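Colleague: Have a look; sequence and predicted model below, questions after that.
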2 protein chains.
Amino acid sequence: MSITIRKIAKDLRLAVSTVSKALRDSHEISIETKKRVFEYAQKVDYVPNLYASSLKKRKTGNIAVVLPEVADSFFSLAINGIESVAREKGYHVMVYLTHEDLMREESILRDFRSGRVDGVLISVSGGAESNSHIHDLCAKNIPLVFFDRVCEGIEAAKVLTDDFDSGYKATEHLISKGCRKVAFLAMSENLAIINHRQRGYEAALNAYGMQVNKNLLIYCSNNETDNHSLIYRILKRNDRPDGIVGSVEKLTTTVYTVCNELNLQIPQDVKVIGFSSLQIASLLNPSLTTITQPAFEMGKTAARLLFEALEKKTQEAKAETIVIPSVLFERGSTQTF
Amino acid sequence: MSITIRKIAKDLRLAVSTVSKALRDSHEISIETKKRVFEYAQKVDYVPNLYASSLKKRKTGNIAVVLPEVADSFFSLAINGIESVAREKGYHVMVYLTHEDLMREESILRDFRSGRVDGVLISVSGGAESNSHIHDLCAKNIPLVFFDRVCEGIEAAKVLTDDFDSGYKATEHLISKGCRKVAFLAMSENLAIINHRQRGYEAALNAYGMQVNKNLLIYCSNNETDNHSLIYRILKRNDRPDGIVGSVEKLTTTVYTVCNELNLQIPQDVKVIGFSSLQIASLLNPSLTTITQPAFEMGKTAARLLFEALEKKTQEAKAETIVIPSVLFERGSTQTF
DNA sequence: TTTATTTACGAAACCGGTTTCGTTCTAACC
DNA sequence: GGTTAGAACGAAACCGGTTTCGTAAATAAA
């Protein structure tokens, strides 16, 4: 159907190898022949078949980005960072969404073993109690870099933020604003970064002479309506918290929604701080105090690590871990009067 | 390096064709042989090489989604819709960002001619005065479906919303709320859907006995800071508008930002309505009245059209156009007292 | 018993670039 | 003059599945 290298060879009365070499600008082809081939290829609008060369070269020029969702400011910004580096390197980005579903994550990674991508960037989904699917991929020698939601049991490059410190700072901030009953909204229990944030939260409580109250530790899921009713119940209690740390953006906005429903005033009745890279955090009602991760930067860094691994022939992937600190932006939701 | 079909054939003393057929569950292989092959393949962890089969079958199982950015609620939701259908069909999604840059869009589409993807879903970038790159792709017989930001000069399937009506309704809504100087924030002049929204805006003005004021038609770009100063200047004028229609989400949030800076009250000083699929529109300060496009649904529909084209062998792609209406959600930003 | 058909499998071509390994011819060197 | 080095190009193997076609054996039909 479409123009192949053999067709060009035939038309030009050359060998296919000559045409191939000419098109790749090989030194063993004369300038005139190259010119002839180039011009003819141009004229007939020759486009090389990607799959033929991928098959031979064992490279696809694709990298995968696996993440829970794209409707989260952190991830959408991180994609931009990744994409900018990939573009620079001439690679293509394939985005896969797990929707926080381990089964999907598994089936996605399983597919990668077919060689569809040269490398993988991943932010693991919530329920990653098992990580054999990640191991299996590494066993196939496909370079893999974690970003943000890392998987601690696996030796691979990682890019993350200072989660413990951020959890600490967020909690400390609420305490400094007068909160005495600070709740922490966690996600599925086996996410390392959430655990770190939580430990930072607990450390801050202890540092200020408060103890951890199980009732103020709320484990949410990836089910929006479940989370809503969970948070609703907490805020309806008489001894409701006077400060909330949202470890994930979505949970924080749910707090806002529930407060609206319950007619609770933020920050008067309850102060809120959330992990979020939302650019319109300052436009919320009230503006949201955030722990903001350097999403774009993290995406770029992770991508760079991946390309380092891809470009070096020796497969001794040094399992580097890069920490990029988050920043606390104080806004209306933790204001005091 | 990795296990191939030939290795299996050798180990099992079968012909490669037999193994291939067995693995594909061909009827011309006996049950016992199939079982033997399956089990052995399982045991040695055989994974077929995707590029070898793609080369032969002339199918990749990938579709491309080309869009301006991912940090816009419409697009991030649309991706989810697309992804859900693709998943169901066993296809993989490759996301490409143009950043509203025609050059990038061209280079991205040019690459597709190599057969990297089986089909393309695209929401064109702003400055699409030229569309030859899209034509070229269609010439290669690669199915293409437009969604949201269509390109009118090209005969292909399209999924969009009722842009004219939405522009009309948005404007009418502001007028009904007492606005007499309604401004329209447009994007780059050659985006068909923005033009339709604008024409709806103009029609509404006329219907209510007002004429179009050039000073209230503001052409923004994809440069955030430029837009900011443009909008800033408009709102600083003495004869500033008392109502604003934001044709794109990003422009609408910029209006909010500027109003904060100028200490203008929404909706008292100026009422705002914006095209947006932002799920937290109701959490903004004030909550934002929106024209909300059925983003997820549009993504799904576009993907379905693409798969229809992919699955039908006959290449008579009927250039269907599907319109899915938007909904106006009235909230605080257009409230009257 | 002979012929037709089905079943089960193998050999080899094929998809379209890439790469290795010649081969020819010319220029250069001792 | 004979040998060598290098330049320019061709033939064919190769990447790893897929598919076509052929064939032997077994079964069914005549």
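Modeller: Arrived safely. Numbers count the residues shown, from 1 in each chain, chains lettered A, B, ... in the order given.
Colleague: How about the stretch 151-300 of chain A: which residue is closest to DNA strand D?
Modeller: Per Cβ to the nearest atom of the strand, A:A156 is where the stretch 151-300 of chain A lies closest to DNA strand D, at 24.6 Å. In this view, the C-beta of every residue, glycine as well, is placed from N, C-alpha and C.
Colleague: Who are the contact partners of the residue nearest to that residue when sequence neighbours are not counted?
Modeller: Computed as Cβ to Cβ, 6 or more residues apart in numbering or on different chains, the closest residue to A:A156 that is not its neighbour in sequence is A:L144, at 5.1 Å. Applying Cβ atoms under 8 Å, 6 or more residues apart in numbering or on different chains to A:L144 gives the contacts A:119-122, A:134, A:137-138, A:156-157, A:306.
Colleague: now A:L230
Modeller: A:L230 touches A:218, A:220, counting by Cβ under 8 Å, 6+ apart.
Colleague: Tell me the secondary structure of it, please.
Modeller: Here A:L230 is helix, with the state taken from DSSP: H, G, I helix; E, B strand; the rest coil.
Colleague: Would you confirm that A:P267 contacts A:R331?
Modeller: No. Counting by Cβ atoms under 8 Å, A:P267 sits too far from A:R331 to count as a contact (9.5 Å).
Colleague: okay, and the common contacts of those two?
Modeller: Shared contacts of A:P267 and A:R331, defined by Cβ under 8 Å, 6+ apart, comprise A:P286.
Colleague: Please identify which of the two sits among more neighbours.
Modeller: Shown here are A:P267 and A:R331; by other Cβ atoms under 10 Å in any protein chain shown, A:P267 has more neighbours (23 against 18).
Colleague: mind putting the contacts of A:L144 in JSON lines, neighbour count and secondary structure included?
Modeller: Listed next are those as JSON lines, based on neighbours: other Cβ atoms under 10 Å in any protein chain shown; DSSP: H, G, I helix; E, B strand; the rest coil:
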{"residue": "A:G119", "neighbour count": "21", "secondary structure": "strand"}
{"residue": "A:V120", "neighbour count": "24", "secondary structure": "strand"}
{"residue": "A:L121", "neighbour count": "28", "secondary structure": "strand"}
{"residue": "A:I122", "neighbour count": "26", "secondary structure": "strand"}
{"residue": "A:I134", "neighbour count": "23", "secondary structure": "helix"}
{"residue": "A:L137", "neighbour count": "21", "secondary structure": "helix"}
{"residue": "A:C138", "neighbour count": "17", "secondary structure": "helix"}
{"residue": "A:A156", "neighbour count": "21", "secondary structure": "coil"}
{"residue": "A:A157", "neighbour count": "24", "secondary structure": "strand"}
{"residue": "A:L306", "neighbour count": "29", "secondary structure": "helix"}
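Colleague: Just put those in CSV and tack on pLDDT.
Modeller: Below are those laid out as CSV (pLDDT from 0 to 100):
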residue, pLDDT
A:G119, 95
A:V120, 96
A:L121, 97
A:I122, 96
A:I134, 90
A:L137, 88
A:C138, 86
A:A156, 91
A:A157, 94
A:L306, 95
